[in-house]
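Peer 1: got a predicted structure plus its sequence, pasted below:
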Amino acid sequence: MANVSSSNGLEKRPKLRFPGFDEPWKVFKAEELFQNVTDKNHPDETVLTIIQGKGTLPREQAGRNIHYDDASLSNYKKVEQGDFIIHLRSFEGGLEMANEAGIVSPAYTILRCKRPHSSLFYDAYFHTDEFINHNLSKSVEGIRDGRQISYEAFKWLGIPYCEPTEQEKISSLFSVLNERIAKQRDLVESLKKYKRGVNNQILSQIDNSYNCRLGSVCEIVGGGTPDTLHTEYWGNTVEWFTPSEIGKTKYVNNSVRKLSDIGLNSSSAKLLPIGTVLLTTRATLGEMSIAKRECSTNQGFQSLIPHTDRVSSEYLYYMQIIIKPWCEKYASGNTFREISKSALSDCIIPIPDRTRQNQIVKLLSSIDMLIGAEESILMSLSKIRHALMQQLFI
């Protein structure tokens, strides 16, 4: 490796290399590769926000209601395209790369590489498991959400450096892969948007005479949590779902934690039958999944047990397009927003005859299957990218 020497003499050899590259990578202290930039007094530059895993975005395009005082912009830090940013969540997601020039909050640390390099190379490296879990963790100060990255500790970390030509090879690979993943993600989002449009069109074609109160077509049942200090309340008998497990898939089968029969009977948790629509109604509002087996939930739910002579589980599930906004509108509370059982019962949804319900379910299920197939491709591409990141940098 020409004209490159490491001050600490450390080297590393990645498990996977491109043909023609066999020299070991040098390992430098971070401060030898990156300088801490504090260029201020650029109030007319574009204000950027940080999106974890995606880099920077002009604040007005971020879709976030973020308020800031224009008078304070002179104190914001200038970033150039390709700079790296230590942000408030870097301890869990790595460093982010600036996709464009602009200014960012003075709470962030701006890093600019001193040597010839490819920014995409370091963007990939700064998101590897090795860097986040084994390297960056040494620079973390504080606990929980108060954690932050100390530059004084960061500057002593060992950061690999290889020839710019090898960096470019690796960067080109990730550039192609990132573009493919972005297109696949856009396809998934387009299909979800199409599904929402179809759902809205279906609802517009159902006569108002079919409208019913949600509470009249299903039993609404809350949940509970047994005392965690009683180990005998917890076991492997009864599935016990929490809101974080709901909404990712149409059906749910296995919960992370399970109750014992004693735990179920010693709390306000209820045994729910197969086909219950699990509905989150506290903090996380309006997420839904259908239970594939008997189960229970914690208190963050008001689950829907359909009166099967009136409505099917699957049809209720697809009424999320009405139920979720209702939950968000009528939830109350300061610490945790929550919708009550009585307020949820008053939600109005159309209940056509079962033949029409089945037609609607069949159509929307077919779109869900297509979305699921494309999401599987997206997941596979992301796994390939993750695996390459670990092999090319370790």
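Peer 2: The structure has been received and is ready for your questions.

Peer 1: from now on I want contacts and neighbour counts done on CA atoms only, so please keep to that.
Peer 2: Will do.

Peer 1: just the pLDDT at Phe393, thanks.
Peer 2: What the model reports as pLDDT for Phe393 is 87.

Peer 1: how many neighbours does it have?
Peer 2: Phe393 has 22 neighbouring residues, counting by other C-alpha atoms under 10 Å.

Peer 1: I'd say it and Pro24 touch.
Peer 2: No - if you go by C-alpha atoms under 8 Å, Phe393 and Pro24 don't touch, sitting 11.6 Å apart.

Peer 1: where does the stretch 101-250 of the chain dip in pLDDT?
Peer 2: Across the stretch 101-250 of the chain, the ranges flagged by pLDDT under 70 are 139, 141-148.

Peer 1: which parts of it are helices?
Peer 2: With DSSP state H, counting those that start in this stretch, the ranges of helices along the stretch 101-250 of the chain come out as 119-125, 129, 151-154, 164-204, 214-217.

Peer 1: so for Phe18, which of those helices sits nearest?
Peer 2: helix 164-204 (7.6 Å; C-alpha to C-alpha).

Peer 1: so what secondary structure elements neighbour that closest one?
Peer 2: Counting contacts by 3 or more C-alpha pairs under 8 Å, 6 or more residues apart in numbering; DSSP states H and E, helix 164-204 packs against helix 119-125, helix 354-393.

Peer 1: need those helices in CSV (columns: distance to Thr49).
Peer 2: Formatted as CSV, the helices and strands packed on helix 164-204 follow (distance: least, C-alpha to C-alpha, whole Å):
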stretch, distance to Thr49
helix 119-125, 17
helix 354-393, 24
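
Peer 1: for the closest residue in space to Asp123 that isn't next to it in sequence, what are its contacts?
Peer 2: Among residues not flanking Asp123 along the chain, Met97 sits closest, at 6.1 Å (C-alpha to C-alpha, 6 or more residues apart in numbering). The neighbours of Met97, taking C-alpha atoms under 8 Å, 6 or more residues apart in numbering as the test, are Gly55, Thr56, Gln81, Gly82, Asp83, Phe84, Ile85, Ser119, Asp123.

Peer 1: sticking with the fourth one, tell me its helix or strand.
Peer 2: Pointing back at Gly82 there. Per DSSP states H and E: Gly82 is located in neither a helix nor a strand.

Peer 1: any idea how far Glu23 is from it?
Peer 2: According to C-alpha to C-alpha, to the nearest Å, Gly82 stands 26 Å off from Glu23.

Peer 1: what about those two, which has more around it?
Peer 2: The residue with more neighbours, out of Gly82 and Glu23, is Gly82; 21 against 13, by other C-alpha under 10 Å.

Peer 1: for Trp326, grab phi and psi.
Peer 2: Reported as degrees, to the nearest 10, the phi and psi values for Trp326 are phi -60, psi -50.

Peer 1: what count of nearby residues applies to the closest residue to it other than its chain neighbours?
Peer 2: Residue nearest to Trp326 in three dimensions, not counting chain neighbours: Cys347, with 6.6 Å by C-alpha to C-alpha, 6+ apart. By the criterion of other C-alpha under 10 Å, Cys347 has 20 neighbours.

Peer 1: what sits opposite the closest residue to Leu316 other than its chain neighbours in the beta ladder?
Peer 2: Nearest residue to Leu316, sequence neighbours excluded (C-alpha to C-alpha, 6+ apart): Val277, at 7.4 Å. Val277 has the following beta-bridge partners by DSSP bridges: Ile290, Leu304.

Peer 1: number of residues surrounding the residue lying closest to Tyr251 once chain neighbours are set aside?
Peer 2: Nearest residue to Tyr251, sequence neighbours excluded (C-alpha to C-alpha, 6+ apart): Ile290, at 4.6 Å. If you count neighbours by other C-alpha under 10 Å, Ile290 ends up with 24.

Peer 1: and for Val104?
Peer 2: Residues near Val104, counting by other C-alpha under 10 Å: 28.

Peer 1: hmm, back to that, which among the contacts of Met97 count as buried?
Peer 2: Buried members of those, counted by 16 or more other C-alpha atoms under 10 Å: Gly55, Thr56, Gly82, Asp83, Phe84, Ile85, Ser119, Asp123.

Peer 1: out of the residues you listed, the closest to Glu163 would be?
Peer 2: With C-alpha to C-alpha as the yardstick, the closest approach to Glu163 among the buried ones among the contacts of Met97 comes from Ser119, at 13.2 Å.
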